[in-house]
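1. I'd like to go over a predicted model; first the sequence, then the structure.
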Amino acid sequence: LLSRSERTSSGGASSNFALKFGRWNQIIFNYFCLFIIHQQYTKAEKGDETVNKKEIAEIKRRTTAAKTTASAIFGCFVSASREQISSFSVPTLDMDEQEGNQYFGIFKKILAPQLGAKSFNLEMDVNFVANSEEHKLLMALRKSRMKDGGLRAALYDKIIENVTMEQNYLILVDFETYDVPNKQDAEQSDEVFSYFLVAICPVKQSKDELSYITSSKDFHNKSNGQVSGSPLYGFMFPAFNERMTDINSALFFANKTENGSADRLAKALFGCELPAGEETTREKFTGVMRTALGDECGMDVVRQLQSELALMTEASESDITQGQEPLKLDKQDLTRILEQKCGMEQHQSELFATAFDEAFGKDAEMEPKNMMELVKYKVSTPNVSISLKREAAHDVQMRTIDGIPYILVRADDGVELNGIPLDRVPGGTELQ
């Protein structure tokens, strides 16, 4: 910095200019640094969905009996009243091919790539990671390679406390290690990713069936006992973000969220609120539209909204391939679309804004695909369902005839009933 005397000297003007210029450079540099930090923070906060899908798929491909590094699969059988019926371990070397495929087929299902729908990348708070007993338990389980029975029992207890099912259920645990291959040289490993998978599956009583009895060489009525269904909940810890171990995150799976078990489990194990899934978001958005438009929510409005959102999503897909985040819209974006493209009036916009804030929060941003179906066009009544490609949406109309509402479908190219072509009434447009 220049001294006061230097700034007031004969060269003061040029010195002042240099000083001001230097300050502007510093300001610009500071803003640039803040921008970079914000971009990095945003990426870490929201996650790169495209990358996460690839990473999930990478782990899923190696989740097989042939590629496992596990010595055993551990499990706990729990009653609907939350009592432990039994705990067990099944050595992987003792599994035949069919049994191995069944066990690892279950673990594959919790590695669902539909982020935001069934899978959630949960990022734990710094204080939770540093100080919570829950995170210490997760790390101890990982360090023990799941071989400590006391730690496994503590995990089972934590799950049982927070999961509610109307029937018995099964907790399965698999510990794995993965030599992560280098992208440039698959023969070289960047690191060893040590992780465990947990799947929580409902168990049902199988039906009695006529089964072949080997000893008597005939068939008798026999039940195969209780059988495991597909997992409803599960997780992988730690997460495999950017193809590296991330002990601050976990991949959480929830195929069912309505009874609160998924939310309780995510909070109890990871200290995280479970984000709203795609179906929950769509249900909320449907409620917002009903509140705003009421009886004036006609087919043309919904059809136009779907078309606009689909076109915007398609236009942004090239940006995603270049590493940018998926398109997200806020309340102002949606209000503008509804007013300019769908004919929403001012008083309806005000109702929409209020309902949106109550459902999602004032600053919420959402991907269009989470708000409504963008690929297909589906019209349904309690007894009839019609599904079309989006480009054929205008082939369906609603009309009131003699006071009765009807759904009309354009049929220029003919109509079939159960695969059988139908003839038209000669000279008319109605079907026989």
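-> Nice, thanks for sending it over. Numbers count the residues shown, from 1 in each chain.
2. CA atoms for contacts and neighbours, from now on please.
-> Will do.
3. all helices of the chain, in order?
-> With DSSP state H as the criterion, the chain has helices at 4-7, 12-46, 49-61, 97-110, 126-131, 133-143, 149-162, 261-270, 278-293, 299-321, 331-340, 346-360, 368-371.
4. right, and those helices - which one's nearest residue 202?
-> Ranking the helices of the chain by proximity to residue 202 (CA to CA) places helix 97-110 first, at 11.6 Å.
5. strands of the stretch 151-300 of the chain, start to end?
-> 169-181, 189-205, 209-213, 218-222, 226-228, 233-237, 239-241, 244-246, 249-254 (DSSP state E, counting those that start in this stretch).
6. in the stretch 251-400 of the chain, where is pLDDT below threshold?
-> Low-confidence segments of the stretch 251-400 of the chain, defined by pLDDT under 70, span residues 257-258, 276-279, 318-324.
7. can you lay out the strands of the stretch 151-300 of the chain as CSV showing distance to residue 304 and mean neighbour count?
-> CSV is the format used below for the strands of the stretch 151-300 of the chain (distance: least, CA to CA, whole Å; neighbours: other CA atoms under 10 Å):
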stretch, distance to residue 304, mean neighbour count
strand 169-181, 45, 20
strand 189-205, 41, 19
strand 209-213, 52, 12
strand 218-222, 56, 12
strand 226-228, 44, 15
strand 233-237, 37, 25
strand 239-241, 38, 24
strand 244-246, 42, 16
strand 249-254, 32, 24
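8. could you dump the helices of the chain into CSV and include distance to residue 177?
-> CSV is the format used below for these (distance: least, CA to CA, whole Å):
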stretch, distance to residue 177
helix 4-7, 65
helix 12-46, 25
helix 49-61, 11
helix 97-110, 15
helix 126-131, 22
helix 133-143, 10
helix 149-162, 18
helix 261-270, 22
helix 278-293, 32
helix 299-321, 30
helix 331-340, 44
helix 346-360, 39
helix 368-371, 34
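9. nearest spatial neighbour of residue 371, skipping sequence neighbours?
-> Distances taken as CA to CA, 6 or more residues apart in numbering put residue 282 closest to residue 371, at 4.6 Å, once the chain neighbours are dropped.
10. circling back to that earlier point, quick one: which of the strands of the stretch 151-300 of the chain is nearest residue 362?
-> strand 249-254 (26.4 Å).
11. for residue 387, which of the strands of the stretch 151-300 of the chain is the nearest?
-> Closest among these, using CA to CA: strand 249-254, at 27.3 Å.
12. tell me which other helices or strands the closest one touches.
-> Where contact means 3 or more CA pairs under 8 Å, 6 or more residues apart in numbering; DSSP states H and E, strand 249-254 is packed against strand 119-123, strand 233-237, strand 239-241, helix 261-270.
13. what angle separates that strand from helix 49-61?
-> Put simply, strand 249-254 runs at 80 degrees to helix 49-61, going by axes from the mean of the first three to the mean of the last three CA atoms, to 10 degrees.
14. what about strand 249-254, distance to the chain center?
-> Mean-position distance between strand 249-254 and its chain equals 9 Å (CA atoms, centre = their mean, to the nearest Å).
15. contacting residues around it?
-> Strand 249-254 has contacts (CA atoms under 8 Å, 6 or more residues apart in numbering) with 110-112, 118-124, 232-239, 262, 266, 270.
16. go again using 6 Å as the cut-off
-> With contacts defined as CA atoms under 6 Å, 6 or more residues apart in numbering, strand 249-254 is touched by 110, 118-124, 232-239.
17. list the beta-bridge partners for the closest residue to residue 119 other than its chain neighbours.
-> Excluding its sequence neighbours, the residue lying closest to residue 119 (CA to CA, 6+ apart) is residue 253, at 4.6 Å. On the basis of DSSP bridges, residue 253 is bridged to residue 119, residue 234.
18. and the nearest residue to residue 309 once chain neighbours are set aside, how many residues sit next to it?
-> Leaving aside its chain neighbours, residue 309 sits nearest to residue 368 (5.9 Å; criterion: CA to CA, 6+ apart). Neighbour count of residue 368, defined by other CA atoms under 10 Å: 21.
19. report the contact partners of residue 281.
-> Going by CA under 6 Å, 6+ apart, residue 281 touches no other residue.
20. from residue 234, how far off is it?
-> 21 Å (CA to CA, to the nearest Å).
21. to residue 199, which of the helices of the chain lies closest?
-> Between residue 199 and the helices of the chain, the shortest gap by CA to CA is with helix 97-110, which sits at 6.3 Å.
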